[in-house]
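Peer 1: what would the 3D arrangement of this be:
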Amino acid sequence: MKNYKGVTALVTGASSGIGKAFAEDLAERGAKLIITARSESGLQAVASDLRARFRSEVVVIPLDLGQPGASARLMEAVHSQGLAVDLLVNNAGFGKWGAFLDIEPPSNAEMIQLNVTALVELTRICLPGMIARRKGGVINVASTAAFVPLPYAAVYSAAKTFVLYFSEALWGETRDSGVHVLALCPGGTASNFAAVASDLPGAGTGRPGLDTAEFVASEGLKAFLRRKTVVITGKGNQRLLWLPRLMSRKQIVVAMGERWKAVVDQVAAARKAHPGV
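Peer 2: Residues are numbered from 1 along each chain as shown. Next comes the predicted model:
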């Protein structure tokens, strides 16, 4: 794939944040879009904007991929419209911050379902057609959290490590098939992620030094065309790769635990200062 013109791209989690930025960038590059997320109103707003600005073909399929069986229902809806996916952008996902025992089991289960299970299921459904056409591929949105264990974000960091390793292994299986697989690993991004992770509306969006969602999506799309297997967005985030060379695994876990415990404590203090928010 040399460019995205005429490519049919399925973007999950496309109503806001990085997913919305992917949809906008792909529309500007001439792709046909299938966008999905839980929020139908959010998706319709994105679709209307893209049709107005870029005269894009946009199919809207509202769905909660955090529910078991949703991946199959999504692809049934795609195929019922006679569409074949050339590029799958597995972006939908969320995290929760806090001690493992303080996070309710349903939240952990939904985190695994959305970040891992749905991603694997959609890839499994879309990949055979791509290989048959010798065209296209998959962009899996992982995270810099994939590179180090994160106490107080244990399930989230483990899920993103799965995404990273799964993507690299799948690249190894498909590298001679005409299909490409990329793991995109953003760090802190100005989006709604921190608000969901902390249960604190507005958290994270105004913090200085964050990459924009548009920057992350653009870097991912450029890296895919360059056939990179892994891309970490933001130069500062790439320092994480050096930690295993400088510290033992135990030291890394302790250091990350102290850092994330401070984040969790700050969130708790903010909730206490603003009850009912």
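Peer 1: can you name the next helix or strand after the helix or strand harbouring residue 122?
Peer 2: If you go by DSSP states H and E, residue 122 is part of helix 118-133. Remark: after helix 118-133, the chain's next helix or strand is strand 137-141, criterion DSSP H and E.
Peer 1: what is that following strand packed up against?
Peer 2: strand 87-90, helix 118-133, helix 154-174, strand 180-185, helix 213-225 (3 or more Cβ pairs under 8 Å, 6 or more residues apart in numbering; DSSP states H and E). Yep, even glycine has a C-beta here, placed from its N, CA and C like the rest.
Peer 1: can you list contacts of that strand?
Peer 2: 1, 18, 22, 87-91, 93, 119, 123, 126-127, 130, 163, 166-167, 170, 174, 179-184, 186, 220-221, 224 (Cβ atoms under 8 Å, 6 or more residues apart in numbering).
Peer 1: buried among the residues you listed? Make that a PyMOL selection.
Peer 2: Restricted to buried positions by 16 or more other Cβ atoms under 10 Å, the PyMOL selection for the contacts of strand 137-141 reads:
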select buried, resi 18+22+87+88+89+90+91+93+119+123+126+127+130+163+166+167+170+174+179+180+181+182+183+184+186+220+221+224
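Peer 1: for the stretch 1-150 of the chain, what spans make up the strands?
Peer 2: 8-12, 32-37, 58-62, 87-90, 137-141 (DSSP state E, counting those that start in this stretch).
Peer 1: which of the ones you listed is buried the deepest?
Peer 2: Compared across the strands of the stretch 1-150 of the chain, strand 87-90 shows the largest average neighbour count, a mean of 28 (mean count of other Cβ atoms under 10 Å).
Peer 1: just for the stretch 151-277 of the chain, where's the confidence low?
Peer 2: 191-208, 274-277 (pLDDT under 70).
Peer 1: who wins for proximity to residue 147 among the strands of the stretch 1-150 of the chain?
Peer 2: Nearest of these to residue 147, taken as Cβ to Cβ: strand 137-141 at 14.5 Å.
Peer 1: in this protein, where's the longest helix?
Peer 2: Assignment by DSSP state H gives helix 249-273 as the longest helix of the chain.
Peer 1: quick check: angle from it to helix 154-174?
Peer 2: 130 degrees (axes from the mean of the first three to the mean of the last three Cα atoms, to 10 degrees).
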